Every structure is written in structure tokens, then in C-alpha cells.
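Chemist: Need coordinates for the below:
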Amino acid sequence: MLRRLIGLVLLGWLALAAPVFAQPAPADDGFANWAAVIVAGDWRAHGGGPSEVFDNARRDLAKALAADGFAPDHIRQFSVREAGTGAGAPLKSDPDVIYDQLGQLTARASAGCLVYFTSHGSPDGILVDESIWPPGVMAALVDQTCGQRPTVVVISACFSGVFAPALAGRNRMVLTAARADRASFGCGQEDRYTFFDACVLGELASAHDFAALGVAVQRCVARRERALGASPPSEPQLEVGLALRPVLPLYAFSRTRGDTRSAALSPRPPAP
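Modeler: So this is what the prediction gives:
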């Protein structure tokens, strides 16, 4: 399953020799010319039973992004068990399909890139269907499709901080749900979202841009974990590349949808 992307890992290192990222002037249409992929990597809870937690986040984040200025035609969703062939249906969470679709999107939508994965994680990487994607494979995916354009990568999983070094770059913002040595919370059978995904969806209602969103999510997760007694704290990681820092605030989220904070952040007990 991973052979094609693993074959791109070495090619990904060639991106280090690419021209230095130039700060673009954001277009008046904001995120309308950004490509976005949202991947739900599993359908099971932490205990092994069925759970909608990752697909709920995938589905609702796609709606939120469309309301915040992303063109629906430039958003692709991926699911392990909800994949279909109808219009608007999520595609299969398969490495080659994800790579091909992101490549097609970035060929059309050239202003920026958003890559969001939500699933279970381990110190070795993130679960996508039945395979663990290590940091090198994720970096190859982003390098070969998003290239030097402004790029935001969000990895929502336990131990997802392991991705930060491989994904870091001058043109990148990387936000992870936890430190490299910490679990994250909220992937039980009765949970609607993970703690981290709930905070992303909730804070989108008031954040101005992705950089502000990252800081707000870190604070939100810390508050939620303290309130519900989840320990040790997951400590989401945020890194924004030097060339991207002055650019991200120029891409502001739209204010066209209602406030989703109360729904997204309704308290639930921490996963055991």
C-alpha cells in the first residue's frame, strides 16, 4: 500500500534544493485557491469497538472550511469505511488515492495547501486504514504535492509530535495533537470528536487565521484536559516557518457560518 509514497521519500529530500519560498500576496478570494485534503484514518475507538469520532471530525471540518472560504471543489475527504463513488462522497483512505488527489488539487488550486489527518497514532507514525504512515512518508506526500506554496499540516493523533521535525519548513505551519512522547484524548466509542479535533472545530468560530487558530487550540486542549482530569497533558505542538509567519495573518477566515463552539466543545469524559 505504501510502496509508491515510500518511493517518494528520497525525492522529497530534493525539495531542500528548491528555490527559497517567496512570500505571495494573498488574493482577494482568500482560501478559494487553496487545496485541502482531510483524512480520517480509522473507524475504531481506542478500545477496538466502532466509533465515528474520526469521520465526524472529517465531515464537519470539511463543512467548516467551505464556510470559511475554501472552495468545495478544492476539498477532498477520505474515509476508511464511508468511502463511495457518488458526488461529494469521501474517497478511500488509501495512500495512492490520497497522493493522486492532492496532486490533482494542487495542480488546479495553486495558492496554498491544507493537509489534515485524524486517526490513531503511535511513536512510529499515524494509522491510515491498516498501515502506519511514518513521518518520512508524510513529508514526501507534502513535498511532492504542496511544494513551496504556503502549507498548513495538521496531524491529530497520539504521539503526533513525531511528525514535526520531518514536516517543518520555511513555508510550513505544523500543528500536532500531542508531543512526540504523549497520547492525546477523546477517541472513545461515545465521543463525538477527539479533544484536539473538538478544539479545532470550536476555535475556528473565533480565530482570525491559521496561526491564531494553532495557539487557540493549544490553550483549548489544555483547558479541556484540566477540566476533565486527562493526564499527563498531551501538549499539542505548533511550529510556523519563518517565511510563513508574515503571510498567514493575511489569509483570514470568513465569518459566514454560525457559532459551532458549544456543539464542538460539549464536555465528555476522558478516554481511559
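
Chemist: C-alpha only now, for contacts and for neighbours.
Modeler: Will do.

Chemist: which non-adjacent residue is nearest Leu242?
Modeler: Excluding its sequence neighbours, the residue lying closest to Leu242 (Cα to Cα, 6 or more residues apart in numbering) is Arg170, at 5.2 Å.

Chemist: Report all helices and strands that the helix or strand encompassing Leu127 contacts.
Modeler: Under the criterion of DSSP states H and E, Leu127 resides in strand 125-128. Under the contact criterion of 3 or more Cα pairs under 8 Å, 6 or more residues apart in numbering; DSSP states H and E, strand 125-128 touches strand 131-133.

Chemist: quick revisit: give me the residues contacting the strand holding Leu127.
Modeler: The contact list for strand 125-128 (Cα atoms under 8 Å, 6 or more residues apart in numbering) reads 40-42, 80, 93-95, 119-121, 132-135, 157, 159-160, 162-163.

Chemist: Sitting in helices, which of the residues you listed do you find?
Modeler: If you go by DSSP state H, the contacts of strand 125-128 have 95, 135 in helices.

Chemist: Write the ChimeraX selection for whichever of the contacts of strand 125-128 are buried.
Modeler: This is how ChimeraX selects the buried members of the contacts of strand 125-128, with burial counted by 16 or more other Cα atoms under 10 Å:
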select :40,41,42,80,93,94,95,119,120,121,132,133,134,135,157,159,160,162,163
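
Chemist: List the contacts of Cys187.
Modeler: By Cα under 8 Å, 6+ apart, the residues touching Cys187 are 45-46, 51, 53, 193-194, 271.

Chemist: go on, Phe163?
Modeler: 125, 134-135, 138, 155, 176, 180.

Chemist: Adding pLDDT, write those out as CSV.
Modeler: Shown next, in CSV, are the contacts of Phe163 (pLDDT from 0 to 100):
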residue, pLDDT
Gly125, 98
Pro134, 97
Pro135, 97
Met138, 97
Ile155, 98
Thr176, 98
Ala180, 98
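
Chemist: Would you check which pair of those residues lies furthest apart?
Modeler: Met138 and Ala180 (15.3 Å; Cα to Cα).

Chemist: Now do the helices in the protein.
Modeler: So, for the chain - with DSSP H - the helices run 3-6, 9-12, 53-67, 95-108, 135-145, 164-167, 195-203, 210-228, 261-264.
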